[in-house]
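> give me a model of this one.
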Amino acid sequence: HHLLLILFRSVALIHKLEKRVLIMGNAKSNVFPVLQNVQSCETARFMGTWFVIGVKPTYFETANSNAVEKYTLMEENSKYDVNIDFQYNQNDPITSKLKSLPQQGWVQGANRAISGLWKVSPLWPIKMPYHIIELDEKNYDYCAIGYPSRDYAWIMSRKPKMSDDLYNDLTRRLVEKHQYNLDGMRKVPQIWTKEEREKRGLTKAEIPDEMLSKDLKCSNPP
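Numbering: from 1, shown residues only. Below is the predicted model of the structure:
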């Protein structure tokens, strides 16, 4: 009886959370135009490692650092299309607790090999819209991910460093093209040592030696 009670309470809590998320997202979504996804995003080319450079954060990302997402394409008969391994330091780079938030992705549309719209689940049964709204369509070196209510956004790069010019251009596009305001937008500290690179299973191709740092005195910037 105790187990059944715990189960019922857990299910009720999940549905309450799901309803809250959907209401929050949908209420604001109606105020904005539909997000403009990129016309072409090859799912297979999008796979691999992405470093989160800037974020309009969810609850989990308000102070995090060294945020890395690894995307893996699943077999065709799998229950979902993409496995997302999301790991980050909870606060300061390297020295704060390493957290993990595994997620699953479903590519939307008639042709799942080429689509700018996914759904992503951080927790069953919730599936959140995942709009690929900006992309380096030539080299797949950077991207921006949007959310219909404009409450969240992610700017990501294949390397832990991004030029100020490119970052500023992408934030400008968020505002001018995608109707975002940048309130709460923050740069995510990406500070890496050789030891931390190895610990996190990353390669020299992903974090070149010239992007490593020996200075760990790196609190979150404002």
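
> so what sits opposite the residue positioned nearest the centre of the chain in the bridge?
The centroid of the chain falls nearest to residue 154 when counting by C-alpha atoms, centre = their mean (5.6 Å). Residue 154 has these beta-bridge partners by DSSP bridges: residue 55, residue 145.

> secondary structure class for the nearest residue to residue 180 once chain neighbours are set aside?
Excluding its sequence neighbours, the residue lying closest to residue 180 (C-beta to C-beta, 6 or more residues apart in numbering) is residue 174, at 4.1 Å. For every residue, glycine as well, the C-beta is placed using N, CA and C. Here residue 174 is recorded as helix under DSSP: H, G, I helix; E, B strand; the rest coil.

> contacts only, for residue 174.
144, 146, 153, 180, 182 (C-beta atoms under 8 Å, 6 or more residues apart in numbering).

> okay, these in TSV with distance to residue 109 and pLDDT next?
Below are the contacts of residue 174 laid out as TSV (distance: C-beta to C-beta, whole Å; pLDDT from 0 to 100):
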residue	distance to residue 109	pLDDT
144	19	98
146	16	98
153	21	98
180	24	97
182	29	95
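
> out of those residues, who's nearest residue 206?
residue 144 (19.6 Å; C-beta to C-beta).

> how much space separates the closest one from residue 119?
Look at residue 144 and residue 119: by C-beta to C-beta, to the nearest Å, they are 18 Å apart.

> neighbour-wise, which of the two wins?
residue 144 (23 against 16; other C-beta atoms under 10 Å).

> pretty sure that one is touching residue 136, no?
No - look at residue 144 against residue 136 with C-beta atoms under 8 Å: they stay out of range, at 10.1 Å.

> re earlier: residue 144 is in contact with the residue nearest to the centre of the chain, correct?
Yes - checked against C-beta under 8 Å, the pair residue 154 and residue 144 is within contact range at 6.8 Å.
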